[in-house]
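Q: Based on what follows, work out the 3D shape:
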Amino acid sequence: MSFRRSVPVLIAVVAVLAGRPALAQEAPKAGSNEVSPVLILPPTLPPKLVSTYPAQDQTVAPGVLILKVAFDQQMSPASWNYAPAEGAEPMDCVKTPRLLPDQKTFVLLCRVLANRTYGVTLNAQRAGGFANLGDNPAQTAALTFKVDSDDPVTTVRRAMEAAKLLPDQMPVQDAPMAVASGAGR
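A: Predicted coordinates:
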């Protein structure tokens, strides 16, 4: 009998001699070192908005616009909210922003019209809003900008250039193709 196997037996014998019920105990399995899938993150400071496109009070061309907001830390891809800013026109945007691979920058495809002032409030409702990986929400922030009457931006590519985005930072992504059940039958 090996020492590893004799320890639980010895504990059971001592417990019986002491008048206590023996505890059921299994010897550890060789090679098993599974770790629980729980992730514990330390407390974090709220994320800070570090840059936007357009910048506060900037004037941009009408047409296709990519709203870009960057934070100082990695963000949760599923936590965001935005609403029209008080006293400004609401933007016409797709519903869901995309978190870029840097995990700090969100982009949102929008359309803006000439000779208007637009505004957006980020985290108008902090619950469920832009938050870091530790679920700590960013502070509420408002952004307003003006649109002039220059020639409109008519392509996403030109809007990406204006927002200084790279080709792989497209504001929308193709959804993965679903595998149809029963396909090919």
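Q: Show me which positions of stretch 89-106 end up buried.
A: For stretch 89-106, the buried set under the neighbour-count rule, 16 or more other CB atoms under 10 Å, comprises Met91, Cys93, Pro97, Arg98, Leu99, Leu100, Lys104, Thr105, Phe106. Using the backbone N, CA and C atoms, a C-beta is placed for each residue, glycine as well.
Q: Tell me which two in those residues are the farthest apart.
A: Across these, the longest distance by CB to CB is 21.8 Å; it joins Met91 and Lys104.
Q: Pretty sure Asp72 sits against Gln103.
A: No. Under the criterion of CB atoms under 8 Å, Asp72 lies out of contact with Gln103, with a separation of 11.6 Å.
Q: Show the contacting residues for Val156.
A: If a contact means CB atoms under 8 Å, 6 or more residues apart in numbering, then Val156 has Val64, Ile66, Leu109, Met170, Pro171 as its contacts.
Q: try it again with 10 Å
A: Val64, Ile66, Leu109, Leu165, Met170, Pro171, Val172 (CB atoms under 10 Å, 6 or more residues apart in numbering).
Q: right, and the fifth one touches Arg98 too?
A: In this case it means Met170. Yes. Assessed by CB atoms under 10 Å, Met170 is found in contact with Arg98 at 7.6 Å.
Q: residues shared between the contacts of the two?
A: Shared between the contact lists of Met170 and Arg98 (criterion: CB under 10 Å, 6+ apart) are residues Ile66, Val107, Leu109.
Q: bridging residues for the first one?
A: It stands for Ile66. Beta-bridge pairing for Ile66 (DSSP bridges): Leu109.
Q: Please read off the pLDDT at it from the model.
A: Listed pLDDT for Ile66 reads 98.
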